[in-house]
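Trainee: structure, please.
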Amino acid sequence: MLRRRLALTHGPKIGAFDFAGGKAAVTFSGNVRSAEVTIQKFSKVLRRLQGHEDLIAEFESVLDTEYSRLVYRHPDYHTSNEFDLHYSIIFAVWFRDRNFTYLFETDQTRIVAVDTPYRCTGKGRDLADYLVASLASADMTEGEALVLAAYMLGQIKAGVPGCGGWSHFRTLRHDGTGT
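Mentor: Model prediction:
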C-alpha cells in the first residue's frame, strides 16, 4: 500500500511499497489520475508476489491493460489533446533475496530496464537529460547524486513552463534501506 498518497499536479508524485520479496519506490509524470490507477494496480500485484518471480511480466500485464484502457481507448485519444492522456512511471525494486535494486521505466505499454544511473521524466526530461548526462556517474555518492538532482530540478523549474512545486526525493539503496 502507498505510504504517501500520490498527489495531484503540484504535489508529491512518489510513493513506496513493501512486499514479501522486498521493496519498491515509484514516481510518475503525465496524467496523474491514470498513473495513480496503474500504480495502485501495481501495488496489488506486489502484495501477491512472494519474491521476484515474474514481477516484470506481471507489471507489464497490468500496464498493458491499464494503458490501453485509460489512454488508447479514451474518447479524446485521437484529438489534439491526446498528449494530456499519456503517463510514464519510473520504479525501483529491491529484491531481498538478491540484495540489489533495479530501476525500470514504462514506455507506453512496455517496461524497460534503465541502463544508466539515473532516469528523468516529465516535461523537462530533455533538458534534465542534457544537464545530468555529463555529470552523473555510477560511482557518485548518494550525497553527490542528491545535490545533482536538486541542481537539475532547480534549472528545470526555472526554464520549463509548467514545472514547479515542491521537490520530493526518495532513495532505495542496494541494501533495501532508503528515505
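
Trainee: going by C-alpha atoms from here, please, whenever you check contacts or count neighbours.
Mentor: Noted.

Trainee: the lowest-mean-pLDDT helix or strand in the chain pairs with which strands, parallel or anti?
Mentor: One helix or strand of the chain scores below all others by mean pLDDT, DSSP states H and E: strand 14-19, with a mean of 87. Using DSSP bridges, the neighbouring strands of strand 14-19 in the sheet come out as strand 22-30 (antiparallel).

Trainee: and the residue nearest to Tyr77 when sequence neighbours are not counted, how far is that from Gly122?
Mentor: Leaving out its chain neighbours, the residue that sits closest to Tyr77 by C-alpha to C-alpha, 6 or more residues apart in numbering is Val71, at 6.5 Å. In this structure, Val71 and Gly122 are separated by 17 Å, where distance is defined by C-alpha to C-alpha, to the nearest Å.

Trainee: what do you get for Ala92?
Mentor: Ala92 sits 17 Å away from Gly122, taking C-alpha to C-alpha as the criterion.

Trainee: these two - which one has more neighbours?
Mentor: Set side by side, Ala92 and Gly122 show unequal neighbour counts under other C-alpha atoms under 10 Å, the larger going to Ala92 at 21 against 14.

Trainee: quick one, what contacts the more buried one?
Mentor: For Ala92, the contacting residues are Ala24, Ala25, Val26, Thr101, Tyr102, Leu103, Phe104, Leu172, by C-alpha atoms under 8 Å, 6 or more residues apart in numbering.

Trainee: tell me if the fourth one really is in a strand.
Mentor: Yes - with the criterion set as DSSP: H, G, I helix; E, B strand; the rest coil, the secondary structure at Thr101 is a strand.

Trainee: partners of it in the sheet?
Mentor: As assigned using DSSP bridges, the partners bridged with Thr101 are Trp94.

Trainee: ok, now which ones touch the closest residue to Phe95 other than its chain neighbours?
Mentor: Taking C-alpha to C-alpha, 6+ apart as the measure, Phe95 lies nearest to Gly22, with 4.6 Å between them; neighbours along the chain are not counted. By C-alpha under 8 Å, 6+ apart, Gly22 lies in contact with Gly51, Val93, Trp94, Phe95, Arg96, Gly176.

Trainee: max pairwise distance over the residues you listed: which two?
Mentor: Gly51 and Gly176 (13.9 Å; C-alpha to C-alpha).

Trainee: what is in contact with those two at once?
Mentor: Common neighbours of Gly51 and Gly176 are listed as Gly22, Phe95, Arg96 (criterion: C-alpha under 8 Å, 6+ apart).

Trainee: with those residues in mind, which one is nearest to Ser43?
Mentor: Closest to Ser43 out of the shared contacts of Gly51 and Gly176 is Gly22 (12.4 Å), distances taken as C-alpha to C-alpha.

Trainee: I'd like to know how many residues surround Pro161.
Mentor: A count of nearby residues for Pro161, using other C-alpha under 10 Å, gives 10.
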